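**Student:** Predicted model follows, preceded by the sequence.
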Amino acid sequence: ELKALAQANATATVDILICPPATLLHRAAEVAGDSAVSVGGQDCHAATSGAHTGDLSVDMLKDAGAKSVILGHSERRTDHGEGDAMVRTKAEVAIAAGLTAVVCLGESLEQREAGETLDVIGAQLQGSVPDGCTGETLVVAYEPIWAIGTGKVPTLGQIGEVHTFLRGRLVERFGEETGSAVRLLYGGSVKAANANDIFAVEDVDGALVGGASLKAADFAPIIAALSDS
Ligand SMILES: O=C(CO)COP(=O)(O)O
């Protein structure tokens, strides 16, 4: 699947990042070669070195060919109790090593129903994103937990509200130029059928795709929708 994707996107004009399980990272980097597809990790350890059996350091990820690393995915936050401070430390370490940090945040259904979405997102952004980021070193992915793998997608208005809010906070913190350059991805049940509409929402710069990225034939129309947007 990756080979097909890389061949079809030898010279794509959008950035395509595949973050496979760590066991496949090295092979994936080889298959992606010098196509427009780059590969990244799904997590890293917060320490650059030391004895941390079973964990992967940023240097190990880089050695395997990673250019980026996803940090603070809701499953890491839930399964491994990672809080904003931990995600921030990991992002600092990753960026210092030359990787792009893809920092994920998002509210639970309970938080959304309680009207807490923007408070939760604002606190996660402030707590998880290190100082000194640039449009090259930081990508932020908004992933409502209740939309991941469920087929449920927020309304376009709900996505727009969060992305505009995130953009405002980034501009406040990093200034107009950097705040506007940080790419904001939407993630959660993105597929070919909804990609065009989602990419048309203001301040949505791309997507973090799970299920629909597993087959090149499902992923290709999403890439095409972004290229056309
Ligand atoms: O975050 C995601 C995968 O980890 C998004 O997954 P889905 O696109 O399958 O909802």
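**Tutor:** It's in.
**Student:** The ligand contacts on this structure?
**Tutor:** Contact residues, the chain versus the ligand (CB under 6 Å from any ligand atom): 73, 143, 148-149, 187-190, 208-212. The way it works is simple: take the backbone N, C-alpha and C, and place the C-beta from them, glycine included.
**Student:** Tell me where the longest helix sits in this structure.
**Tutor:** helix 156-174 (DSSP state H).
**Student:** Need the CA coordinates for it. CSV is fine.
**Tutor:** Written as CSV, here are the backbone C-alpha positions of helix 156-174 (Å, rounded to 0.1, in the frame of the first residue of the first chain):
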residue,chain,number,x,y,z
LEU,A,156,-18.2,22.0,9.8
GLY,A,157,-19.2,24.8,12.1
GLN,A,158,-17.8,23.0,15.1
ILE,A,159,-14.6,22.2,13.3
GLY,A,160,-14.3,25.8,12.2
GLU,A,161,-14.9,27.1,15.7
VAL,A,162,-12.1,25.1,17.2
HIS,A,163,-9.6,25.8,14.4
THR,A,164,-10.2,29.5,14.4
PHE,A,165,-9.8,29.5,18.1
LEU,A,166,-6.5,27.5,17.8
ARG,A,167,-5.3,29.9,15.2
GLY,A,168,-6.0,32.9,17.4
ARG,A,169,-4.2,31.3,20.3
LEU,A,170,-1.2,30.4,18.2
VAL,A,171,-1.0,34.0,16.8
GLU,A,172,-1.3,35.4,20.3
ARG,A,173,1.5,33.2,21.5
PHE,A,174,3.9,33.1,18.6
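**Student:** can you list the residues that contact that helix?
**Tutor:** The contact list for helix 156-174, computed with CB atoms under 8 Å, 6 or more residues apart in numbering, reads 117-118, 121-122, 125-126, 129, 133-134, 140, 142, 154, 178-180, 182, 184, 186, 197-198, 200-204.
**Student:** Just those residues: which are in strands?
**Tutor:** Counting by DSSP state E, the contacts of helix 156-174 place 140, 142, 184, 186 in strands.
**Student:** Contact partners for the second one?
**Tutor:** The one in question is Tyr142. 105-106, 121, 159, 162-163, 166, 184-187.
**Student:** Are any of those residues buried, and if so which?
**Tutor:** Taking 16 or more other CB atoms under 10 Å as the criterion, what is buried in the contacts of Tyr142 is 105-106, 121, 159, 162-163, 166, 184-187.
**Student:** Pick the one among those residues closest to Thr13.
**Tutor:** Leu185 (17.0 Å; CB to CB).
**Student:** For Ala4, see how far away the closest one is.
**Tutor:** 23 Å (CB to CB, to the nearest Å).
**Student:** And for Ala141?
**Tutor:** In this view, Ala141 and Ala4 are 25 Å apart by CB to CB.
**Student:** closest to the ligand among the contacts of Tyr142?
**Tutor:** Proximity of the contacts of Tyr142 to the ligand, judged by CB to the nearest ligand atom, is greatest for Gly187, which lies at 4.6 Å.
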